[in-house]
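1. What follows is a predicted protein model with its sequence.
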Amino acid sequence: MKIAVFATLLASAAAFSISPKDIVKAAASGAVIFGIATSPAFAGDVGAGEQVFNANCAACHAGGQNVIMPEKTLEKDALEQYLAGGRNEAAVRTQVTNGKNAMPAFGGRLSDDDIANVASYVIATADEGWE
């Protein structure tokens, strides 16, 4: 869809002797103005992720903490420091799917959608601050 819109704009620009460079600048500005490039996009459903988290993760990670390895919390700084790949949904999905150290793998127990949802929840809640 975005490519079709861009192609239409480009064709229109040629018809009116507008430089394609100007169209690219305008499209980029429009994306920022309308929040396309600036709003965080979560791959999963944060609300559903909270339910998955409460049912499967909260025993060890209640309130974003870690009862097994206290320094490896789900707080922003700790995720950035300790999570392979940094603080992002893909890294959380990998950790949840495969496990690591004392954390068991949930890849065989949770669906891909559940894992994506819990990853979205963890990142969103870390960004907001755990309660």
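-> Structure's in. What do you need?
2. ranges for the strands of this structure?
-> Taking DSSP state E as the criterion, the chain contains no strands.
3. for it, what spans make up the helices?
-> When assigned using DSSP state H, the helices of the chain occupy the ranges 2-15, 20-33, 46-56, 58-61, 76-82, 89-98, 112-128.
4. Give me the below-cutoff pLDDT ranges for the protein.
-> 1-41 (pLDDT under 70).
5. what are the C-alpha coordinates of stretch 63-78, in PDB please?
-> Taking Å, rounded to 0.1, in the frame of the first residue of the first chain, the C-alpha atoms of stretch 63-78 are listed here in PDB:
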ATOM      1  CA  GLY A  63       6.500  -6.800  39.300                       C
ATOM      2  CA  GLY A  64       9.300  -7.100  36.800                       C
ATOM      3  CA  GLN A  65      11.700  -8.700  39.300                       C
ATOM      4  CA  ASN A  66      13.600 -11.900  39.200                       C
ATOM      5  CA  VAL A  67      13.500 -14.200  42.200                       C
ATOM      6  CA  ILE A  68      16.200 -16.500  40.900                       C
ATOM      7  CA  MET A  69      18.800 -14.000  39.700                       C
ATOM      8  CA  PRO A  70      17.900 -10.700  41.400                       C
ATOM      9  CA  GLU A  71      20.100  -8.500  39.200                       C
ATOM     10  CA  LYS A  72      18.500  -9.700  36.000                       C
ATOM     11  CA  THR A  73      15.100  -8.000  36.300                       C
ATOM     12  CA  LEU A  74      12.700  -6.900  33.600                       C
ATOM     13  CA  GLU A  75      13.500  -3.200  34.200                       C
ATOM     14  CA  LYS A  76      14.700  -1.200  31.100                       C
ATOM     15  CA  ASP A  77      18.300  -1.000  32.200                       C
ATOM     16  CA  ALA A  78      18.600  -4.700  33.100                       C
END
